[in-house]
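**Q** Model the structure of this input:
(one chain, ligands or ions: 1)
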Amino acid sequence: MVPRKFEYFAPTSLKDATSLLKKHGSDAKVLAGGMSLIPVMKLRLGSPAYIVDINRIPGLDYIKVAGKSVSIGALTRHHTIETSKLVRDKLGILAETAGWIGDPQVRNMGTIGGSLSHCDPSGDWGAAILAVRGSVRVKGPSKERVLEIDDFLVDTFTSALKDDEILTEVSVPLPPPRSGGAYVKLERRSGDFATAAVAVQVSLDAKGVCSYAGIGLTALGSKNLRASKAEAALLGNPLTAKAIEEAAEAAAEDAQPTPDPLRGSAEYKTEMARVYTKRGIELAVQRAKKVK
Ligand SMILES: Cc1cc2nc3c(=O)[nH]c(=O)nc-3n(C[C@H](O)[C@H](O)[C@H](O)COP(=O)(O)OP(=O)(O)OC[C@H]3O[C@@H](n4cnc5c(N)ncnc54)[C@H](O)[C@@H]3O)c2cc1C
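**A** Numbering: from 1, shown residues only. I've put the predicted structure just below:
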């Protein structure tokens, strides 16, 4: 199918882009990598009358250390994050997550900002950014806001963005020494969206006690979910096999899957939440022990 007719704008500044969004309100949509928006338009699940392409706006594609955080511009492609030495060295979980997304074509075009804004409960980025407790910067015509990721992800295909706002940056705190992360994903075949996936980031103190735990779930609820009970089961405890098992059981309680005719029943997904959380924590702990 082909999309309905639309008017196309390619502004070269954020100011112009947000003015266009303000003028056209809910009839307008931002275009980033187009990996979700174009299929939506072609299938006519959505037919925006105005497209505001942000790819010609300079300064939205970067990865840098800023103070105690790593900042990633919204237009940074999945592939750039997957292959960034800075990300691999400082926040390996993000490189690993990027590597799981779709196929090479999708990773070359799709952006972290587009993926988070799209708010697909099966999207991989939301869970990873929950695990590392990241935040997002969004810009409207007159003001800028910074939102914690928990507040940004509202519901299925619904973020906290207003019609005239653009997500400009994702920011993630730099983890302390003895930190590690993992993104583990179950998919029907290579390149598919998750049947279930789990993002885990942990930090250990000098005695091996868990001083930070972040766990995000993919395709296990109406949006990417924080596995709060599982996090609480780890925090303040030595990460023994028993503690990890208990956290995995808790993650199965945190999960709120609905039956999915393509990818499995709610019962199956709940069990996968348990299994993949266990695997994710084990891998994250192994990696944390290697980082001095
Ligand atoms: C075959 C295929 C397989 C895929 N597999 C996976 C997968 O395994 N895992 C996964 O996570 N994703 C997968 N995706 C989706 C992919 O990751 C998309 O890149 C991502 O969901 C959207 O990013 P984008 O830059 O392409 O955004 P677009 O498609 O351009 O936009 C998506 C939505 O976000 C809005 N938007 C985009 N950027 C901004 C911004 N900066 N500020 C405000 N609003 C914005 C748009 O208006 C639109 O509503 C797949 C896609 C395809 C086509």
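
**Q** so what's the closest residue to residue 150 other than its chain neighbours up against?
**A** Nearest residue to residue 150, sequence neighbours excluded (CB to CB, 6 or more residues apart in numbering): residue 226, at 6.2 Å. Every C-beta, even on glycine, is put in place using the N, C-alpha and C of the backbone. Residues near residue 226 by CB atoms under 8 Å, 6 or more residues apart in numbering: 130, 150, 214-217, 254.

**Q** JSON lines please, covering the residues you listed and showing secondary structure and distance to the ligand.
**A** Listed next are these as JSON lines, based on DSSP: H, G, I helix; E, B strand; the rest coil; distance: CB to the nearest ligand atom, whole Å:
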{"residue": "130", "secondary structure": "helix", "distance to the ligand": "13"}
{"residue": "150", "secondary structure": "helix", "distance to the ligand": "18"}
{"residue": "214", "secondary structure": "strand", "distance to the ligand": "18"}
{"residue": "215", "secondary structure": "strand", "distance to the ligand": "17"}
{"residue": "216", "secondary structure": "strand", "distance to the ligand": "12"}
{"residue": "217", "secondary structure": "strand", "distance to the ligand": "13"}
{"residue": "254", "secondary structure": "helix", "distance to the ligand": "20"}
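
**Q** Tell me how many other residues surround residue 13.
**A** 12 (other CB atoms under 10 Å).

**Q** Considering the contacts of residue 226, which is situated nearest to residue 174?
**A** residue 214 (13.6 Å; CB to CB).

**Q** quick one on the thing from earlier: need the phi and psi values for the residue nearest to residue 150.
**A** Dihedral pair for residue 226: phi -80, psi 130, per degrees, to the nearest 10.

**Q** buried subset of the contacts of residue 226?
**A** 130, 150, 214-217, 254 (16 or more other CB atoms under 10 Å).

**Q** JSON lines please, covering the residues you listed and showing distance to residue 279.
**A** Conversion of the buried ones among the contacts of residue 226 to JSON lines gives the following (distance: CB to CB, whole Å):
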{"residue": "130", "distance to residue 279": "18"}
{"residue": "150", "distance to residue 279": "24"}
{"residue": "214", "distance to residue 279": "16"}
{"residue": "215", "distance to residue 279": "12"}
{"residue": "216", "distance to residue 279": "15"}
{"residue": "217", "distance to residue 279": "13"}
{"residue": "254", "distance to residue 279": "16"}
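
**Q** between the residues you listed, which is nearest residue 183?
**A** residue 216 (8.9 Å).

**Q** quick one, what contacts that closest one?
**A** 126-131, 198-199, 224-227.

**Q** Give me the pLDDT for the nearest residue to residue 134 once chain neighbours are set aside.
**A** Counting by CB to CB, 6+ apart, residue 134 lies nearest to residue 172, which is 4.2 Å off, once chain neighbours are set aside. What the model reports as pLDDT for residue 172 is 98.

**Q** same thing with residue 113?
**A** 98.

**Q** Helix, strand, or coil at it?
**A** helix (DSSP: H, G, I helix; E, B strand; the rest coil).

**Q** Need the CA coordinates for stretch 252-269. PDB is fine.
**A** Extracted C-alpha coordinates of stretch 252-269, given in PDB (Å, rounded to 0.1, in the frame of the first residue of the first chain):
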ATOM      1  CA  ALA A 252       7.800 -12.900  36.600                       C
ATOM      2  CA  GLU A 253       5.400 -11.100  39.100                       C
ATOM      3  CA  ASP A 254       6.400  -7.700  37.700                       C
ATOM      4  CA  ALA A 255       5.600  -8.800  34.100                       C
ATOM      5  CA  GLN A 256       2.100  -8.000  32.900                       C
ATOM      6  CA  PRO A 257       1.900  -9.800  29.500                       C
ATOM      7  CA  THR A 258      -1.200 -10.100  27.400                       C
ATOM      8  CA  PRO A 259      -1.700 -13.100  25.100                       C
ATOM      9  CA  ASP A 260       0.000 -12.500  21.800                       C
ATOM     10  CA  PRO A 261      -1.300 -14.700  18.900                       C
ATOM     11  CA  LEU A 262       2.100 -14.500  17.100                       C
ATOM     12  CA  ARG A 263       4.600 -14.800  20.000                       C
ATOM     13  CA  GLY A 264       3.000 -16.800  22.800                       C
ATOM     14  CA  SER A 265       0.500 -16.900  25.600                       C
ATOM     15  CA  ALA A 266       0.700 -14.800  28.700                       C
ATOM     16  CA  GLU A 267       1.700 -17.800  30.700                       C
ATOM     17  CA  TYR A 268       4.600 -18.600  28.300                       C
ATOM     18  CA  LYS A 269       5.800 -15.000  28.400                       C
END
